[in-house]
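For reference, the sequence and a predicted model appear below.
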Amino acid sequence: MSFVIATTIAEAVAAMASGARPIAGGTDLVVGARHGKAALPQHLVAIDRIEALLVVHDTADGVTIGSGVSHSVLESHPLLASAYSGLADASALVGSPSTRNLGTIGGNIMNASPAMDTGAPLLVLGAQVELQSMRGSRRVPLSELWTGPGRTSAAPDELCVMVHIPTPLVRSGSAYLRLEYRRAMEIAVVGAAACVVLDEDGFVVSASVALTAVAPTIIMVDGLHSLAGANVPEAAVRVGVLAAGQATPISDVRASAQYRRHTVGVMARRAVEAAARRAAGDIVAIPLNRAIGIGAAS
Amino acid sequence: MTATTTAITTSPPRFVRADGPDKVTGSGRYTADLSLTGVLAAKFRYANIGHARIVRLDVTAARAMPGVFAVLTADDVPDVRFGPFVQDRTLFARDVVRFEGEIVAAVAAVNAVVAQRAVDAIVVEYEPLPVINDIEAALSVESALVHPDWQSYGAADALVRDRNDASFASITKGDVGAGMAAADHIIESRYVADGCHAVPIEPRAVVAQWEGNKVTIWTTTQVPFDARAGVCETLQLPTNRVRIIVPHLGGGFGGKCGFHYEAHIAALARVAKRPVRLVFTRREEFIAPDRRRESIVFNIETGVLDDGTITARRAWLAMDNGAYTADAAFFSQLAAMHTAGPYRIPNVQVEAHLVYTNHQPSGSVRAPTAPQACWALESHTDEVAAAVGIDPVEFRRRNAVDTGAVGPSGQTYGEIGLQQCIDLAAGGAGYGQPLPDDEAIGVAIGWWPSFSVPSGAYIKIDGDGAGQIITGAQECGTGSVMTLRDLAADELGMKPEDFELVYQDTAVAPYDMGATGSQTLLNNGRAVIAAAGQVAEQLKKLAADHLEAAEADIVLADGHAYVAGTPATTVSLVELAGIAAGGQLLIGHGSSTPAEAPPLAGSSCVGDLGMAAFVAPQFSCHAVRVKLDRDTGVARVLHVSAAHDSGIIINPIGAHGQVEGAVMMGIGQALSEGTTYDDQARQRNAALLEYKLQTCADAPPILVQFVEIFTPDAGPRGAKGLAEAPNIATAAAISNALAKLIGRPVRQLPMTAERVWNTIQGDAS
Amino acid sequence: MTDSTTASGTFDVTLDVNGIAYPVHIEQDRNLLSVIRGEVGLTGTKEGCDDCECGACMVLLDGRPVNSCSYLAVQAQGRAITTIEGVMTGDDLHPLQQALLDEGGVQCGFCTPGMIMSAMALLADNPSPSEEQVRIGLSGNLCRCTGYTRIVAAVQRAAAVPHA
Ligand SMILES: Cc1cc2nc3c(=O)[nH]c(=O)nc-3n(C[C@H](O)[C@H](O)[C@H](O)COP(=O)(O)OP(=O)(O)OC[C@H]3O[C@@H](n4cnc5c(N)ncnc54)[C@H](O)[C@@H]3O)c2cc1C
Ligand code: FES
Ligand code: FES
């Protein structure tokens, strides 16, 4: 049994090479063990004190976020507030203030829950993760990372060090919305993220949409190239129909498959509308869930 | 007759609770905080199966494990069947398990990890029996029986029982057939409420320690004397060898009423010869105790004239009793009353069945049966109002009971404030003003009895003038015990801070029923005033001697005794206490006398457990503004306006807190709190993640108003109860708002987003 | 790097709780709450659930809110842990504690320590929060008694006290 508190990436990957599992905030790992979902791994390496993983910075081709950055940093980070607001929409919804304080983007991604909130916005923003091990480092697009509930294509000794998001195109906007039964401490019943690019006249150039909690992993909605040239309301409605059609949800104690299929269409439609408003330069407050609709402060 | 109507809408007067400093500093001790030298950890082995015969139970391996001090099964405790109304229960399962949370065995070990290993090492083999999962099916003659031996069980004489029907009650008044025949419209509705939970934030805990042949049990009960009685009955001990102490109690809401695990832990401690502590997990809290709010199926039918006059009401209801009969036996009659409702109806026929299933037993949770029955009846009432084209508020004004009216069970009311409540609640919500098309205001009325029962207290004042109130009453957070200081202080011309409270210890204080039935202030308040009155007499006598005046002329005020008319002729109470300490000690005792039940005229009750006559009835009206997302069915409560007649309000800040907390609980029941079962009768959502309480972010502004009317058979100064009443009408009002927005009611409770959406889609299932 | 490897699965660590160093000998999987309540001996921090949903166990770690029931005690080494017992200054109540008493924000009191810790973290970040911000800030702390109204009012009252 071991517990290593790493202060550098090198220490962390060395520990992982000898079989340790990383623990960042522990809000999935420890809660899961306490609740009896999975026993705590025997060998752990704490990565929450590695300074190099706590950075958020601008790069020539986008933004780079350290895997150890917490949701509470992301929800109000000035670099995310405009161009990457879909991600901030998601981080601001995670659990409670204490969950957001401890929970990290790296933990959220690597935990690979189909109900994770940052997954859909990261997918529509075209994000990649940088994985590092003693064997070297590689970049993996998120679309290739998740292989099933709780499963990724990363090797057990690979540490997620960075998340890279490319610079969005001009006149683009992103948004994430989830269905929740109460205004805090929720898990997405379903959710949808959209990234929309508009032309100068406000017509859709392109759109990408991803869905939460309606399949074994976060999924992208296919067939959106046909939206080019559409006006926003029409595009939003079509996305809603496509989203509902492509969802393959399960029934469980939170919702039936039928209800999930319907509501994911609603979330997708609204996410497209909000992303388009942001693309057009409107300010739509973060998180979108509390800015519009039922969750709005009255 | 004019009512004094006080609308306290802004900051009520400051009232700092005596237990407040303990609670805000973390120094106050709750049961799970206690530790005793050598204390062992207890764990239970549960059935984890809905209905089965035990074919093998082997604890040999568990007993042999190092660190295990005691493993108990039914064979290790006296063979006693117990239960407050039906003696259908044993401490440990005997031969058959009837719900997943039934205890098969108990372990005490050095720590919780070892105890759990021992629990896992117990071998139990089952032969499955048919699972009785549906209330209505359980009533049919073909249904398998939860208790094939039901006829052999001891039971209260008044109970009417038959097979899976553990308690049948009916209320009959007038001629319902004739009333229906005379009606212009007959409206029939069906509603189904799921069960739900009290969910105090503190899980249960019990610590037991034997010294010689006496046991002290620290426990999270709301009813220490009832818990003591349970221990004495099941372990066959006399009352004076069992002492129940309740440290600070982290909420109850009825969930911690009744006798729970005190006897199991005392039995373990006796065998282990060590103190033993049990602390529940949240999951155990959900599945094990016999205090789940009952699921109810309602069929309601009302006859009404074109002018909106109700001519008759007929209703049939079936309630989930669960596998054993806890205090739920009286729910049949109570639910029948709540389904008849606080209306002037000449012809009434309501029948209620309490049905055994393989679910966790039902038991008192904050206003048992009333929130569900109010939800069903008041949703139905809006359907009736719509059928005759009368605004729902106006419909209630015309039909609801008022001062001097006769209620559905034939009780004639004295001065009551229901009509004022309707006006205040609707007015406070801005009822009738235009709203956006995704918002609506729903209104519902409710009622609740006050429980007038025996209760005792002592007061003593020591030589330095410091007072103690030694009371059997139990504080569960509501503040009603805290308020006792004010009553004693007023009686004695002292300050509340001059008194310390000694409470929640059966060895030192006289009997009280406990923090149940909103009865504490009502009954123990009268006992405290009586006890203080005795001390006041003693002080007046001493002062009369000291001041050479007539006893009748002595006035106690501001910490002094003085002669009426000559305030300068005075002596301090501290000085008098010093004199008393050298002679006749200052000790008073008080006991409240139960009020007589009001008479009923023209009605008959089968299965009568005294619930058809309401002593000092409380009334309420809630008006709730709701916003609906029609695309998803997600609803949000934007504002609640609550008006209550709970008599004279003694502690306004505490009273506001009761209403606010109960309203939030009502919103949870309305929208998100409901237990669901799998086909093996196991709970599917026994965790806070899946059983959703409302959070701070969900809580709307709540306007609280009181109609204060003096009622002779109420408690001190005319106070009725209050802790339960405000939990009743909220879900119903939300339902009526949703029905306005959808165009038809949501017929299942909780009205989850998915059910709302299904209703919008036109699926009335 | 701190490297603790044991064959027995137990670790010797030092925890800083309310400014006092506590050497404790604990298993790897022990949560911080059980160590604070057990080895450290401070019972003001409460346990209300199994799935990190109630907030009764809230403590501050380097001033930030953490559900101690779901945080490994070994991971708290080297960080400053504040519990409800560390909130008063000498004999003086913290303004939040006083405000909860004055507003009637305490009923059974079981949620109260956790509420206070969350409110302290909130006010440290945002000294004059709006009502909505208070409600979001306390959204990880369930209270079954009060309906939250008076707790929210207390936090706003405390925020108005200088140096809260
Ligand atoms: C009360 C509560 C509410 C929650 N609400 C939400 C919510 O609304 N939305 C949501 O999406 N999630 C929610 N979560 C889940 C969780 O908080 C998030 O997924 C969080 O982002 C996880 O981060 P962490 O640092 O705590 O992960 P950890 O628990 O530390 O790790 C999670 C997993 O990822 C692995 N891991 C962590 N970091 C790395 C890394 N850098 N490289 C490789 N592997 C790594 C770990 O080994 C582990 O398997 C909630 C959790 C709780 C307890
Ligand atoms: S004990 Fe409930 S969140 Fe920690
Ligand atoms: S005061 Fe009881 S849970 Fe908050």
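That came through, no problem. Ligands and ions are numbered 1, 2, ... in the order given.

any idea how far the closest residue to A:Val253 other than its chain neighbours lies from B:Gln669?
Spatially, and ignoring its direct neighbours in sequence, A:Val253 is nearest to B:Arg684 (4.8 Å; Cβ to Cβ, 6 or more residues apart in numbering or on different chains). Placement of C-beta: from N, CA and C, glycine included. Plainly put, B:Arg684 is 18 Å away from B:Gln669 if you go by Cβ to Cβ, to the nearest Å.

Could you check which of those two is surrounded by more residues?
For the pair B:Arg684 and B:Gln669, the greater number of neighbours falls to B:Gln669 (28 against 13), based on other Cβ atoms under 10 Å in any protein chain shown.

Helix, strand, or coil at that one?
Secondary structure, DSSP: H, G, I helix; E, B strand; the rest coil: B:Gln669 is helix.

Just the pLDDT for it.
Looking at B:Gln669, its pLDDT stands at 98.

so where does the closest residue to it other than its chain neighbours fall, helix or strand?
Spatial nearest neighbour of B:Gln669, chain neighbours left out: B:Ala731 (4.9 Å); criterion: Cβ to Cβ, 6+ apart. Element membership of B:Ala731 [criterion: DSSP states H and E] is helix B:730-742.

State the next helix or strand along the chain beyond that helix.
Next element after helix B:730-742 (DSSP H and E): strand B:748-749.

ok, residues contacting that following strand?
Strand B:748-749 is contacted from outside by B:191-194, B:372, B:375, B:669-670, B:674, B:731, B:735, B:755, using Cβ atoms under 8 Å, 6 or more residues apart in numbering or on different chains.

so does the longest helix along chain C get close to chain B?
Using DSSP state H, we find that the single longest helix of chain C is helix C:112-125. Yes - under the criterion of Cβ under 8 Å from any Cβ of the partner chain, chain B is reached by helix C:112-125 at C:112-113, C:116.

Which of the residues you listed sits closest to ligand 1?
Nearest to ligand 1 out of those is C:Pro113 (Cβ to the nearest ligand atom; 18.3 Å).

Can you tell me, leaving aside adjacent residues, what's nearest to that closest one?
Spatially, and ignoring its direct neighbours in sequence, C:Pro113 is nearest to C:Ile84 (3.7 Å; Cβ to Cβ, 6+ apart).

tell me the contacts of the one you found?
When contacts are counted by Cβ under 8 Å, 6+ apart, C:Ile84 is found next to B:25-26, C:44-45, C:113, C:116-117.

got it, and B:Val555?
Residues in contact with B:Val555, defined by Cβ under 8 Å, 6+ apart, are B:493, B:561-564.

cool, and B:Pro203?
Under the criterion of Cβ under 8 Å, 6+ apart, the contact list for B:Pro203 reads B:32, B:220, B:279-282, B:284-285, C:47-48.

Then B:Gln534?
Contacts of B:Gln534 by Cβ under 8 Å, 6+ apart are B:459, B:587-590.

how about JSON lines for the residues you listed, with neighbour count added?
JSON lines is the format used below for the contacts of B:Gln534 (neighbours: other Cβ atoms under 10 Å in any protein chain shown):
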{"residue": "B:Ile459", "neighbour count": "29"}
{"residue": "B:Ile587", "neighbour count": "15"}
{"residue": "B:Gly588", "neighbour count": "25"}
{"residue": "B:His589", "neighbour count": "16"}
{"residue": "B:Gly590", "neighbour count": "24"}
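
tell me the pLDDT at the closest residue to ligand 2 within the stretch 201-350 of chain B?
Taking Cβ to the nearest ligand atom, ligand 2 has its nearest neighbour within the stretch 201-350 of chain B at B:Arg282, 7.5 Å off. Per-residue pLDDT puts B:Arg282 at 97.

any idea how far whichever residue of the stretch 151-298 of chain A sits closest to ligand 3 is from chain C?
In the stretch 151-298 of chain A, the residue that lies nearest ligand 3 is A:Met185 (15.3 Å; Cβ to the nearest ligand atom). Distance from A:Met185 to chain C, counting by Cβ to the nearest Cβ, to the nearest Å: 6 Å.

Would you agree that residue is in contact with B:Cys696?
No - with contacts counted by Cβ atoms under 8 Å, A:Met185 stays clear of B:Cys696, the gap being 9.9 Å.

which of those two has more neighbours?
More crowded of A:Met185 and B:Cys696, by other Cβ under 10 Å: B:Cys696, with 30 against 26.

circling back to that earlier point, can you tell me which of the residues of helix C:112-125 next to chain B is closest to ligand 3?
Closest to ligand 3, out of all of these and judged by Cβ to the nearest ligand atom, is C:Thr112, at 6.0 Å.

So the longest strand belonging to chain B, near chain A or not?
For chain B, the strand with the greatest residue count under DSSP state E is strand B:615-629. Yes - contact of strand B:615-629 with chain A (Cβ under 8 Å from any Cβ) involves B:627-629.

Please consider this matter closed, and thank you.
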